[in-house]
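S.K.: model this:
(2 chains)
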Amino acid sequence: MSPVLLELRGLEVNYGGIRAVKGIDLEVREGELVCLIGANGAGKSTTLRAICGLLAPRAGSVRYSGADTAGVPMHELPRKGLVMVPEGRGIFAQLTVEENLFMGAFTRSDIGIAQDLEHQYETFPRLKERRTQTAGTLSGGEQQMLAIGRALMARPRLLLLDEPSMGLAPRLVAKIFEIVREIAAEGVTILLVEQNARLALEVASRGYVMESGEITLADVSAALLANPKVREAYLGEGAG
Amino acid sequence: MVNGLTLGAVYAIVALGYTMVYGIIQLINFAHGELVMIGAMVAFTVINLLAAAGMPPLAVVLIGTACAIPVCMLVGYAMERLAYRPLRQAPRLAPLITAIGVSIILQHLAMLVWSRNVMAFPQIIPLTSYSFLGAIVTGVQLTIVGLCFAMMAGLALLVYRTRLGTAMRATAQNPQVARLMGVDVNRVIAATFIIGAALGAVAGVMFGTYYGVAQYTMGSVLGLKAFAAAVLGGIGNVPGAMVGGLVLGVVEALGAGYIGELTDLCRYGLGPEARCADGGHFVLFGSNYQDVFAFVVLILVLVFRPSGLLGERVGDRA
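M.R.: Numbers count the residues shown, from 1 in each chain, chains lettered A, B, ... in the order given. Coordinates of the predicted model:
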């Protein structure tokens, strides 16, 4: 088995005055695509925010690449390959598409940046067409692609994806998941947070189910897809 | 008009300091005018010392400016670090009030250091004037306008063409996501203050040289006018501050030049006869009302176009 890249132990996080994450354990191994599914407000996004340093854990630990991230300034994490695509995309609306992509490579100073930019344009031809437009003029789907492309510009080892399908038309959702699969195939480790449980479990090899701040199920995707409780609660099927 | 352009160019440089800081942390740094004053005071001190030693004028002014810039950068950094950074998460009113406090503190520190007296600029620059398209232009004016435009061009390059500039604009739009991209937001904010302070220092030297005097209170009115210029152009907007400053300078100079003539009641046959006889004048508002124009412009902008001339056209569909 490949080594553990991300490890959460007894993680507790407060968000908006409530205990949104109540002591969870989770691990992601190098090269895996793992998903974290659950209903709205289950604490999935809060978990991701704690991993990338946007929120400080109340208790427990986040270990990335063998080291505890407590006390590491948040802006140091992308340099170490821990990169997040935030919920709601978080693009810089008044910067051009290309400037947004360059911001993704902010921590890098190697000569591979131009080459990576071309690579993103190959993956997302729409972004190339619109490279000089301000990002705020893009459609929702294009913005999501920009947000993913920007994160890839950092050459991540671990990519955190927060609800990439949110607010998108079904056709675009399918496209985004296809891209997520391609990124994983290129060797990037991914932790995917999704409300769309079926799609998430179809691309991921393993999944965690989160409910009111706790992890209630953890298994390989096929088993979760077959689990009657999951089918009933998250895949929209009747118990019978 | 030439006078207006010269003043306007200086206002523009000072306004840039306001607008850059506002753009990035939504704080109107009322102490920015004090930075300009400190720049002028430091430079004048050095200039007076060196001029007494009989050095060539150009070298004297350059060395004076070179001393003022690092001092202002340091004060600007200290201001951000000690006064504003601890209040980063506080409601917006708190840093605003702090800014006014910092302004008062700096002004009085300057008074203690340099006393209340006006410091004069030694008469070392020979007055040369040129005739240009029917206007009389002095060498000092030409230098000031040229330098200001060079600085504006330099700043525009920095903001729109460099990594730091892109990081500044990204931080201005969304500091949290900028952090996720690995930007050390505190460093970017400090850099913004330092750049604004350096511009302010040069503006202070130019303003002082132009009027020939510097005093510990010079920062407040100049600061307020530059603030008006920033608002006129659209606060937070870098090209806006440049345009706003130039427009304000010209309005002020033309206004001061013509207000006497326009409010001369004798022209309209309204003045008392004893005064108007033999082409006499009865002027309601003289050119000493110069300072009013900036604030009239500020009020008009706030009433009719609060987002400024080049106000944010927000293309945010997300």
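
S.K.: Which elements pack onto the longest helix anywhere in chain A?
M.R.: Assignment by DSSP state H gives helix A:170-185 as the longest helix of chain A. Helices and strands touching helix A:170-185, by 3 or more C-beta pairs under 8 Å, 6 or more residues apart in numbering or on different chains; DSSP states H and E, are strand A:33-38, helix A:140-152, strand A:189-194, helix A:197-203. The way it works is simple: take the backbone N, C-alpha and C, and place the C-beta from them, glycine included.

S.K.: Now tabulate the ones you listed in TSV and tack on mean neighbour count.
M.R.: Shown next, in TSV, are the helices and strands packed on helix A:170-185 (neighbours: other C-beta atoms under 10 Å in any protein chain shown):
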stretch	mean neighbour count
strand A:33-38	25
helix A:140-152	23
strand A:189-194	24
helix A:197-203	20
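
S.K.: Would you reformat the ones you listed as a markdown table and include mean pLDDT?
M.R.: Listed next are those as a markdown table, based on pLDDT from 0 to 100:
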| stretch | mean pLDDT |
| --- | --- |
| strand A:33-38 | 96 |
| helix A:140-152 | 95 |
| strand A:189-194 | 96 |
| helix A:197-203 | 94 |
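
S.K.: need those in TSV with distance to residue B:150, can you?
M.R.: Formatted as TSV, the helices and strands packed on helix A:170-185 follow (distance: least, C-beta to C-beta, whole Å):
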stretch	distance to residue B:150
strand A:33-38	53
helix A:140-152	34
strand A:189-194	49
helix A:197-203	55
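
S.K.: ok, the residue of the stretch 1-150 of chain B found nearest chain A - contacts?
M.R.: Relative to chain A, the nearest point of the stretch 1-150 of chain B is residue B:23 (10.6 Å; C-beta to the nearest C-beta). By C-beta atoms under 8 Å, 6 or more residues apart in numbering or on different chains, residue B:23 lies in contact with B:168, B:172, B:235, B:236, B:237, B:238.

S.K.: Please determine whether stretch A:85-92 lies in contact with chain B.
M.R.: Yes. Stretch A:85-92 comes into contact with chain B (C-beta under 8 Å from any C-beta of the partner chain), by way of A:86, A:88, A:89, A:90, A:91, A:92.

S.K.: How many neighbouring residues does the first one have?
M.R.: Going back to what we said before, that points to residue A:86. Residue A:86 has 22 neighbours, counted by other C-beta atoms under 10 Å in any protein chain shown.

S.K.: Does it touch residue B:179 like I think?
M.R.: No. With contacts counted by C-beta atoms under 8 Å, residue A:86 stays clear of residue B:179, the gap being 10.3 Å.

S.K.: closest one to chain B among the helices and strands packed on helix A:170-185?
M.R.: helix A:140-152 (5.9 Å).

S.K.: Among the contacts of residue B:23, name the ones in helices.
M.R.: The helices, defined by DSSP H, take in B:168, B:172, B:238 from the contacts of residue B:23.

S.K.: how deep is the second one tucked in, by neighbour count?
M.R.: Counted with other C-beta under 10 Å, the neighbours of residue B:172 add up to 22.

S.K.: what packs against the helix or strand bottoming out on mean pLDDT in chain B?
M.R.: The weakest-scoring helix or strand in chain B, judged by mean pLDDT, DSSP states H and E, is helix B:273-276 (a mean of 74). Here helix B:273-276 touches no other helix or strand, going by 3+ C-beta pairs under 8 Å, 6+ apart.

S.K.: what comes up buried for stretch B:130-150?
M.R.: B:137, B:138, B:140, B:141, B:142, B:143, B:144, B:145, B:147, B:148 (16 or more other C-beta atoms under 10 Å in any protein chain shown).

S.K.: Likewise for stretch A:71-83?
M.R.: Going by 16+ other C-beta under 10 Å, stretch A:71-83 has these buried residues: A:74, A:75, A:77, A:78, A:80, A:81, A:82, A:83.

S.K.: Restricting to C-alpha, output it in PDB.
M.R.: Output of stretch A:71-83 as PDB, limited to C-alpha atoms (Å, rounded to 0.1, in the frame of the first residue of the first chain):
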ATOM      1  CA  GLY A  71       1.400  26.200  13.500                       C
ATOM      2  CA  VAL A  72       2.300  26.100   9.800                       C
ATOM      3  CA  PRO A  73       1.100  29.400   8.300                       C
ATOM      4  CA  MET A  74      -1.700  28.800   5.800                       C
ATOM      5  CA  HIS A  75       0.200  30.400   2.900                       C
ATOM      6  CA  GLU A  76       3.000  27.800   3.300                       C
ATOM      7  CA  LEU A  77       0.700  24.800   2.600                       C
ATOM      8  CA  PRO A  78       0.300  25.300  -1.200                       C
ATOM      9  CA  ARG A  79       4.100  25.400  -1.500                       C
ATOM     10  CA  LYS A  80       4.100  21.900   0.100                       C
ATOM     11  CA  GLY A  81       1.600  20.700  -2.500                       C
ATOM     12  CA  LEU A  82      -1.600  21.000  -0.400                       C
ATOM     13  CA  VAL A  83      -4.000  22.900  -2.600                       C
END
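
S.K.: so how far is residue A:171 from residue B:38?
M.R.: 60 Å (C-beta to C-beta, to the nearest Å).

S.K.: higher neighbour count, those two?
M.R.: residue B:38 (30 against 8).

S.K.: Contacts only, for that one.
M.R.: When contacts are counted by C-beta under 8 Å, 6+ apart, residue B:38 touches B:68, B:71, B:72, B:75, B:106, B:110, B:201, B:204, B:219.

S.K.: one more time with 6 Å, if that's ok
M.R.: Residue B:38 makes contact with B:72, B:75 under the criterion C-beta atoms under 6 Å, 6 or more residues apart in numbering or on different chains.

S.K.: Verify the assumption that it is located in a strand.
M.R.: No. Under DSSP: H, G, I helix; E, B strand; the rest coil, residue B:38 sits outside any strand and is assigned helix.

S.K.: what about the helices in the stretch 201-318 of chain B?
M.R.: Using DSSP state H, counting those that start in this stretch, the helices of the stretch 201-318 of chain B run over B:218-233, B:238-262, B:273-276, B:290-304.

S.K.: now the second one against helix B:290-304, angle please.
M.R.: For the pair helix B:238-262 and helix B:290-304, the angle between their directions (axes from the mean of the first three to the mean of the last three C-alpha atoms, to 10 degrees) equals 120 degrees.

S.K.: Return the distance of helix B:238-262 from the chain's centre.
M.R.: 13 Å (C-alpha atoms, centre = their mean, to the nearest Å).

S.K.: what's around the nearest residue to residue B:239 once chain neighbours are set aside, how many residues?
M.R.: Among residues not flanking residue B:239 along the chain, residue B:310 sits closest, at 5.9 Å (C-beta to C-beta, 6 or more residues apart in numbering or on different chains). Counted by other C-beta under 10 Å, the residues lying close to residue B:310 total 17.

S.K.: residues contacting residue B:310?
M.R.: Residue B:310 makes contacts with B:233, B:234, B:237, B:239, B:240, as judged by C-beta under 6 Å, 6+ apart.

S.K.: just residue B:119 next, same as before
M.R.: Counting by C-beta under 6 Å, 6+ apart, residue B:119 makes contact with B:44, B:214.

S.K.: cool, and residue A:224?
M.R.: A:201, A:207, A:230.
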